[in-house]
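Q: what follows is a predicted protein model with its sequence.
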Amino acid sequence: MHRRPACSGTWKCSVVTDFRELSDRLCARLPAGEVLLLNCQGEDSDFVRLNQNKIRQAGHVRQQTLTLNLIHNHRETAASLPLSGDFDTDLARAQGLLVRLREQLPLLPEDPYLNYATEVRNSVHHGDNALPEPGAALEQLIAAAQGLDLAGLWASGEMSRGFANSLGQFNWHSSHSFNLDWSLYREDDRAVKQNYAGFAWDGDFLAQKIALARETLELLGRKPKQLEPGKYRVFLSPGALGELMDMISWGGFGLKSHRTTQTPLLGMVREGRTLHEDVTLTENHAAGLTPGFTRAGFIKPPSVELIKQGVYRDCLADRRSAKEYGAGVNCATESPQSLEIGGGRLHQNDVFTALDTGLYISNLWYCNFSDRNHCRITGMTRFACLWVERGVAVAPVNVMRFDESIYHILGDRLEALTREHEHILDSSSYEWRSDASARLPGALVNDFTFTL
Amino acid sequence: MPSHWRTIIDDFKAVVPAVDFWSLRLVLDETETLSVREDVVEPPSLAQSRGAHITLADGAGMAYAATSALTREGLRAACAQALQWLAASRRHALFDAGRVPRPPRSGSYSSSVVTPWESSGLGEKLELLRDINRRLAIGDAIVDRQAHLTRRQTGITLLTSDEVRIDQQFHYIIPGYAAVANRGAQTQLRSGGGWGTARQGGLEQLAAFNFPDSARQVAEEAVALVDAPECPNTRADVLLMPSQMMLQIHESIGHPLELDRILGDERNYAGASFVTPDMFGNYRYGSELLNVTFDPGIPEEMASYSFDDDGTPAERQYLIRDGILLRPLGGALSQARAGMSGVANARASDWNRPAIDRMANLNLEPGLDSLETLIGSIEHGVLMETNRSWSIDDSRNKFQFGCELGRLIENGELRGLVRNPNYRGISATFWRNLAAVGDAGTVEVWGTPNCGKGEPNQMIQVGHASPACVFRDVEVFGGD
C-alpha cells in the first residue's frame, strides 16, 4: 500500500509556520511607507491516471508558491517564486525579488485602481485529514471496476492558501480532499461518466456507484438512436447544466464585463431580458470550498445574489473593478467559484416520467459561444445520453451538436428544475487542483435545438 | 544550464534509488507580463517557476514525482513518493515500461533572439503599450481597450541514468491588443498584434504581428463590425485566413492524430479520436492538396525544439501527404505501445506534470495560389479571420467554429464586412472539400499558448503555420 514518507508530513506541518515566519521577516524589513501583500499557495497531491482499468501514469506533485505584491506611493508591482522548503534560501530569494520590485516602482505611474484591504481581519482554517491511503483507494477502485474498461484520474491530497500583509493581517485555509473522476466504456464513444469527490472516503459508496454504472452499460449496448437536427424535449442533468454555467460564468457576472458590455448576459442589463422566474443564481461563498479571503486580504461576503427569480441582480467585483466602478469587493475573481442554482419543483425520481419522450442528457462537452450577445451556446452531447420514450430509457443516442440560447434554456423553454441539487466538485487541475464547486439542479427543457 | 543546477543534480544522484532507469527533468521558468488597459498601467507581474520532475522505471512499472523542494531532503522525499507509486504501477501496469525506448543522445537547443527583452527598459515598453491604447481610442463606440506584452523564458535540463544530458533554452514573446466596440445590446471585440498567439524569439518578432501598427485598424474594424450585417445563413465557400486556419488544423487534424487519444488515454477528459490505427497509410484525410507536417525546425514558431521532454530527437515528418494519412502524433512511449512510427512530441507543460503526446508545431504546407487567385476562385463565399469560438465533439469530428470578422465574397470579389461569422462541419469530410491552398506569400505563423489536455490537466504552447485556404460547400451562419 501507498505510504507517505515521514519527511513529507514534516514539510506539511511546517508550511503554515514557514509562511508566517517568512511574512514576519519580510514585513519587518520594509522601509516606511511601503505595504507588502503576501500570498502562499501549496499543494501536496497524488495523481493516478488510468486506462483500461490499469495504471497509465502515477505520481506525486508537491509545489508551493509565494507571491509578493509591493505597494508604495500609489504604485504596485508583483512577483511570485517557488518555495524550496529551505527557509533561509526562500527568505533570501524573496528578499532578492523585493529588491527588483522596489526598483520597478518608480518607473510606474500612479495606479488609480490600487485597492487592498486595510482592515485587519485574521482567520485560520485547517481542514481535517480524513483521506484514505491513495494506494488503498486505488486498489478498491480497480477491484470494483474489474472486467470494465475504465479511464480516469484519481487526485487527492492537501491544498493550502495563505494571505498576510504588512498591516498585520494573517489568513490561512487548508483542506484535504480527493476527486476521483472516471468513465466506463462499453465500445466506441459509448460510456458512463462518473465522479466521486469529497473529504472522507467510503469504499462501499464507490462500489455501489460502479455497480449502478454496470446497469447503464447494459443499456448502452443497444443500437444507438441517430437523431435528426431539430428541436427536442430534453432533461439536462446537473453535470450538463454545469457545463452551460461554466460558459455563462465566462464574463457573465463580472462587474468589468458588465460595464464594458462584454457580458453574454448583456440582454438582461441592456434590454431587460429575463430568465424563468424559477431561476435564482447565487455565488454562495459560504458553502463553497475556496478560502473566505481574497489575494488582497478582503473577506468575502457569505453570498452574492447574481440572478433572482429570473432578473439580473448583482455583479461580482474584484479589487480593481471595485475601485474603478465604485463598488465593494465581493469576490477573489469575477467568475463564480461556488455557484448555486436554487432548486425547483420536480422530484428527481419523477424526471423520466416528466421527460416522457425526449433526450436525457447526462453530459455536455466543449461548449462555446456561437453568439455571445444573445448568450447563444453551442456544444456537444457526450457519454451516456439516452433516448427516453414514455418515461423509459430505450437507447443510447449518437453524439449531437446543440446551438441554443440561455434565454430559451433557462427562460421561455424551461419547464422545471429538480428539487434536489448535486454538489459538483471541479475536477480540473491546470497548474493546481481546483477548489471550485457548484450546487446545481437538473433542468427539464422543451424545444432544445440540435443542429448537427 | 544554471550553475546551481549542479548542486541539485549532485543531491539527486546521492538519493536516487537503484532502479532500471531514471530521469531528472529540471525546469526554470520566468514570465514577465506588462499590461495597459484604458490608458491605465496595470501592476506588472513576474512569475518564477522552478522544480524537478523525477521519473523512475523498474521492471514493468514506471512512476513520477515532482517537487519544488530542491533540497537533498526534498529530492529524497520525492524519490520515496515515486518509489511507492512505482510499486503500484508494477501491479497494475497498462504497458511494460521496460519496452519504452530511452533517450539516445545528449544535445542542446536555444531560441534565436535578435532583440532581447532587456534591450528596452520597463518605462519604454509601458509607453509603447500606452501609445497603443491611445491608437485604439478612436471614438465613443470603443468601450474597452487593452494592450499587453509578455516575455517568457524557460530552461529545461534533462538527465538520465544513461548519462544523457539535454539542455534547452526557450524565449517567447506574447503580445497583443484588443478593442471592444458597442452600440446598445451589440458588442464586438476585435484583436490584433498577436493577441492569442506567441512566437519564439525576442522583441524583433513584434513586427511580424504588425505590432503596434495595426492598432488603429483593429479599433476601426471593431466599430465597423458593430454596424455590419449578420453573416448570412447559407451554404457557401469559405476562405479561411491563417488566423482561423490555425484553429481548424489544431482541432480537426492535430487532436485526432494524437496517438495517446487513439490509445484511449484521454477518453475521460479531452476525448478519443475518429482516427483508428488501421487508417494510417491508406486513409484519405483530405483532398490531394492537403499536406501537413510536424515541423520542430521553424525558429520563430512556438513549439520548435531539438528534443521532446522524453529526450527523443525531433525532426520534420509528413503526417498527411497529398491527402493521405501517414503518421500519428505520438512520442516514443506511445509508439512502443502502438507499434507504430510517430514523432518526437512527448511534452510537459512544466516540471510539475509528466510528458504526454502533444501537437508541437503542426503546419499545413503552402500551395500555389496567391490570395487574389483564391478570392477570384469563389463565386459565393465568406472570408473569415481570427478565431473566437471553438467547439468539437470528443472524437474530433463534428465541429463548429466562429471568427471575429467576416467578409462576403461575390463573383470573385471581396464585398462588405459581416459580423458573427460561424461555420460547422465534420472533420472526416471537411478536409476533402479543400479546394485551393494559398502560396508561401499567404503563410502566417500562428499557434496558441493555451492548448489544454491531460489528466492532471496541462496547458501548453503549440505552433500552427498555414497559408489561406478555400473550402467548398460549407454550412455558414451568423448570430441571432
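A: Alright, I've got the coordinates.
Q: the nearest residue to residue B:197 once chain neighbours are set aside: which element?
A: Of all residues not flanking residue B:197 in the chain, residue B:446 sits nearest, at 5.0 Å (CB to CB, 6 or more residues apart in numbering or on different chains). (Glycine included, C-beta is placed from N, CA and C.) Using DSSP states H and E, the element containing residue B:446 is strand B:444-453.
Q: that strand: partners in the sheet, and parallel or antiparallel?
A: In the sheet, strand B:444-453 lines up against strand B:458-466 (antiparallel) (DSSP bridges).
Q: following the strand it pairs with, which helix or strand comes up?
A: strand B:469-477.
Q: now for that following strand, which elements pack on it?
A: Packing partners of strand B:469-477 (3 or more CB pairs under 8 Å, 6 or more residues apart in numbering or on different chains; DSSP states H and E): strand B:234-240, strand B:422-426, strand B:434-437.
Q: what's the angle between the longest one and strand B:458-466?
A: Okay, so that is strand B:234-240. 90 degrees (axes from the mean of the first three to the mean of the last three CA atoms, to 10 degrees).
Q: can I get the helices and strands packed on strand B:469-477 in TSV with distance to residue B:144, mean pLDDT and mean neighbour count?
A: Shown next, in TSV, are these (distance: least, CB to CB, whole Å; pLDDT from 0 to 100; neighbours: other CB atoms under 10 Å in any protein chain shown):
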stretch	distance to residue B:144	mean pLDDT	mean neighbour count
strand B:234-240	27	98	22
strand B:422-426	23	97	22
strand B:434-437	37	98	21
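Q: which one of those lies nearest to chain A?
A: When the helices and strands packed on strand B:469-477 are compared by CB to the nearest CB, strand B:422-426 sits nearest chain A, at 5.5 Å.
Q: show me where pLDDT drops low in the stretch 151-300 of chain B?
A: Of all residues in the stretch 151-300 of chain B, none has pLDDT under 70.
Q: chain A contacts on that one?
A: Within reach of chain A by CB under 8 Å from any CB of the partner chain, the stretch 151-300 of chain B has these residues: B:180, B:182, B:184-187, B:189, B:263-265, B:267-269, B:271-272.
Q: any idea how far the residue nearest to residue B:197 is from residue B:298?
A: 12 Å (CB to CB, to the nearest Å).
Q: the two: who's more crowded?
A: More neighbours surround residue B:446 than the other of residue B:446 and residue B:298, with 30 against 17 (other CB atoms under 10 Å in any protein chain shown).
Q: what's the pLDDT at the more buried one?
A: Listed pLDDT for residue B:446 reads 97.
Q: what does the closest residue to residue A:434 other than its chain neighbours show for phi and psi?
A: If the residues on either side of it in the chain are set aside, residue A:434 comes closest to residue A:426, at 4.1 Å by CB to CB, 6+ apart. Backbone geometry at residue A:426, expressed as degrees, to the nearest 10, gives phi -60, psi 130.
Q: the one helix or strand residue B:52 maps to packs against which elements?
A: Residue B:52 belongs to strand B:45-58 when assigned by DSSP H and E. Judged by 3+ CB pairs under 8 Å, 6+ apart, strand B:45-58 is in contact with strand A:75-82, helix A:87-104, helix B:5-15, strand B:21-37, strand B:61-67, helix B:72-91.
Q: residue A:302: how many residues sit nearby?
A: A count of nearby residues for residue A:302, using other CB under 10 Å, gives 11.
Q: go on, the one 10 residues further on?
A: Counted with other CB under 10 Å, the neighbours of residue A:312 add up to 22.
Q: that one reaches residue A:280, doesn't it?
A: No: Residue A:312 is beyond contact range of residue A:280, at 11.3 Å (criterion: CB atoms under 8 Å).
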